[in-house]
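Undergrad: next comes the sequence, and after it the predicted model I'd like to discuss.
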Amino acid sequence: MTVDLGQLTVITNYQLPITNYQLPITNYQLPITNYQLPITNYQTIMNFIESFKMAGQTLLANKTRSSLTMIGMIVGNASVIAMIGIGEGAQNFVGGQVKSLGTNVLIVRAGVPNASRSSIRNAPQTLIVEDGKAIASQVPSVQGVSAELNSSELVRYGNKNVSSLIFGTIPEFLTVRNFEMAKGRFLTELDVRQNNQVVILGSELAEKLFANTNPLGEQVRVKNVSMKVIGVFAEKGTSFGTNYDNSAVVPIATMANRIVGRKSPYGLAVTSLFISIQDESKMDAAQFQVENLLRLRHKITTEDDFTVRNQKDLMATMGSISGALTLMLTAVASISLLVGGIGIMNIMLVSVSERTQEIGLRKAIGASQHDILFQFIIEAVILSAAGGIVGTCVGVGGILLVGNFTPLQAGISPVAIALAVSVSGGVGLFFGVIPARQAAKLDPIAALRSA
């Protein structure tokens with residue numbers, strides 16, 4: 001019994017390793033099953049490469065037709081990229097124009113808004129220098145006030161005559177209007193009080209009158225009034241149509257008494273007040289206080305006899321206008337993409353009808369509908385994407401030309417380029433589906449018979 005039990009024990013224990021030995025064999029099948037996945041992916045990749053090669057060969061075989069088909073996409077992409085870039089340049093240009101005057105500046109002009117288009121010489125005499133002094137002293141957030149009396153006059157030196165904008169102003173003009181001196185000095189309070197006949201010339205005006213000669217100390221005539229040149233401004237540029245480099249500055253009292261002969265029963269009349277504010281966040285509050293103060297000083301009970309402009313609001317308004325124009329022009333240019341997509345669909349439909357025999361033969365030897373569909377879609381995408389790339393190059397070239405030959409510093413937007421190329425590829429895919437499906441659904445026997 002003992003022996004039998006021992007033998008039974010030995011036999012039973014001996015079977016366990018055999019059973020456990022089967023486990024690796026079962027587990028060994030898993031890699032074989034998983035090994036099929038790379039084979040499937042490899043076949044897909046090879047099919048794609050083969051379809052891409054065939055599509056490229058087909059398009060290269062008809063170079064002229066393919067090139068003409070891409071023109072719509074080229075024009076569309078170039079237009080979209082150029083319009084977006086030029087629009088950004090316009091926004092930057094407007095922003096630069098406003099910033100050159102100062103974004104923390106309030107401008108007060110004489111007259112009601114409806115009369116703001118009247119000439120400077122005929123503007124109502126409702127603002128005086130004392131208004132500016134009252135604003136500077138009674139409005140806490142005001143940093144400085146520049147009173148100005150402007151007129152367009154002829155400036156003469158020797159036998160040279162130049163028409164120029166003359167600013168009659170006060171010493172605060174230099175800081176409030178953000179001008180810089182290149183030579184000499186600016187006006188002083190003594191120049192204003194004594195009606196001194198002195199003038200500061202803009203850089204361009206000084207160049208026109210004196211060429212390479214130093215103008216300091218020379219005498220020029222401003223509307224037949226002899227003026228001594230005491231300074232020359234650094235280059236300022238043009239802002240909203242006003243060329244400050246072709247302008248000149250004289251004391252405001254001299255301007256009123258000797259040049260324009262402007263008189264007012266209330267004081268020294270001015271055409272505008274430029275008010276710089278300490279902090280842009282206080283612009284609205286400062287504008288409210290300035291308007292109320294002027295209403296009290298002018299004893300206004302009905303309509304204001306002045307107009308206040310906020311440079312920050314002006315910049316926001318101009319930015320919105322230029323942004324809307326950019327969006328509109330971009331939308332119009334995008335129509336070219338639609339036209340180009342329709343052209344691709346038209347050519348692909350013609351290609352299907354011309355290649356009926358080829359399609360029938362391919363399907364007869366085993367090509368599936370998916371293969372035919374895929375090849376025609378690839379051809380459409382290649383046409384649109386190639387047109388998008390060429391159009392991008394043309395658009396970028398146009399932006400560079402605009403930046404070199406105009407004041408608009410047009411920007412090249414990577415987002416716009418990526419969007420335009422993506423849209424052109426999507427348009428080709430969308431309009432290529434219909435001809436591709438038509439080709440894929442052809443019956444091979446009918447296709448071979450009709451060929």
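TA: Great, that's in hand.

Undergrad: let me know the next secondary structure element after the helix or strand V108 falls within.
TA: Using DSSP states H and E, the element containing V108 is strand 105-110. Next in sequence after strand 105-110, counting helices and strands by DSSP H and E, comes strand 127-128.

Undergrad: direction included, what does that following strand pair against?
TA: strand 269-270 (antiparallel) (DSSP bridges).

Undergrad: any idea which element the residue nearest the centre of the chain lies in?
TA: Centroid-nearest residue in the chain: E88, 0.7 Å away (criterion: C-alpha atoms, centre = their mean). Remark: E88 resides in helix 63-101, with elements defined by DSSP H and E.

Undergrad: now do that helix, average pLDDT.
TA: Mean pLDDT, computed over helix 63-101, is 77.

Undergrad: mind giving me the packing neighbours of it?
TA: Here helix 63-101 touches strand 238-239, helix 311-354, helix 369-405, helix 414-440, going by 3 or more C-beta pairs under 8 Å, 6 or more residues apart in numbering; DSSP states H and E. From N, CA and C alone the C-beta is placed, and that goes for glycine too.

Undergrad: pull out the buried positions in that helix.
TA: Buried residues in helix 63-101, counted by 16 or more other C-beta atoms under 10 Å: 66, 69-94, 97-98, 100-101.

Undergrad: longest single strand anywhere in the protein?
TA: Longest strand in the chain, counting residues (DSSP state E): strand 142-157.

Undergrad: can you list contacts of the strand holding V108?
TA: Under the criterion C-beta atoms under 8 Å, 6 or more residues apart in numbering, residues 116, 123-127, 131, 176, 269-277, 283, 286-287, 290, 294, 305-311 lie in contact with strand 105-110.

Undergrad: which of the residues you listed are buried?
TA: For these, a burial check counting by 16+ other C-beta under 10 Å picks out 123, 125-127, 131, 176, 269-277, 283, 286-287, 290, 294, 305-308, 310-311.

Undergrad: number of nearby residues for L314?
TA: Neighbour count for L314, taken as other C-beta atoms under 10 Å: 18.

Undergrad: also the one 5 residues further on?
TA: Using other C-beta under 10 Å, G319 has 16 neighbouring residues.

Undergrad: partner strands of the strand holding V108, with direction?
TA: Its sheet considered, strand 105-110 pairs with strand 272-277 (antiparallel), strand 306-310 (antiparallel) by DSSP bridges.

Undergrad: rewinding a little: tell me what the longest strand of the chain is packed against?
TA: helix 129-138, strand 160-169, helix 173-176, helix 203-210, strand 219-222, helix 252-254, strand 269-270, strand 272-277.

Undergrad: may I see these arranged in a markdown table, with distance to D191 and mean pLDDT as well?
TA: Shown next, in a markdown table, are the helices and strands packed on strand 142-157 (distance: least, C-beta to C-beta, whole Å; pLDDT from 0 to 100):
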| stretch | distance to D191 | mean pLDDT |
| --- | --- | --- |
| helix 129-138 | 14 | 91 |
| strand 160-169 | 11 | 92 |
| helix 173-176 | 12 | 90 |
| helix 203-210 | 19 | 92 |
| strand 219-222 | 15 | 93 |
| helix 252-254 | 8 | 91 |
| strand 269-270 | 17 | 87 |
| strand 272-277 | 19 | 90 |
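
Undergrad: now the strand holding V108 and helix 311-354, what's the angle there?
TA: Taking axes from the mean of the first three to the mean of the last three C-alpha atoms, to 10 degrees, one finds strand 105-110 and helix 311-354 inclined to each other by 110 degrees.

Undergrad: what is the mean pLDDT for strand 105-110?
TA: For strand 105-110, mean pLDDT rounds to 87.

Undergrad: restricting to C-alpha, output that strand in PDB.
TA: C-alpha atoms of strand 105-110 as PDB (Å, rounded to 0.1, in the frame of the first residue of the first chain):
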ATOM      1  CA  VAL A 105      -3.700 113.400 -25.100                       C
ATOM      2  CA  LEU A 106      -7.000 115.200 -25.200                       C
ATOM      3  CA  ILE A 107      -7.500 117.700 -28.000                       C
ATOM      4  CA  VAL A 108      -9.900 120.600 -27.500                       C
ATOM      5  CA  ARG A 109     -10.900 122.500 -30.700                       C
ATOM      6  CA  ALA A 110     -12.900 125.600 -31.000                       C
END
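
Undergrad: tell me what angle that strand forms with strand 142-157.
TA: Orientation check (the same axes, to 10 degrees): strand 105-110 against strand 142-157 gives 60 degrees.

Undergrad: quick one: buried residues of strand 105-110?
TA: Buried residues in strand 105-110, counting neighbours by 16+ other C-beta under 10 Å, are found at V105, L106, I107, V108, R109, A110.

Undergrad: turn those into a markdown table, including distance to R355.
TA: Converted to a markdown table, the buried residues of strand 105-110 look like this (distance: C-beta to C-beta, whole Å):
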| residue | distance to R355 |
| --- | --- |
| V105 | 69 |
| L106 | 71 |
| I107 | 70 |
| V108 | 75 |
| R109 | 72 |
| A110 | 77 |
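
Undergrad: among the residues you listed, which two are most distant?
TA: By the measure C-beta to C-beta, V105 and A110 form the most distant pair in the buried residues of strand 105-110, at 17.1 Å.
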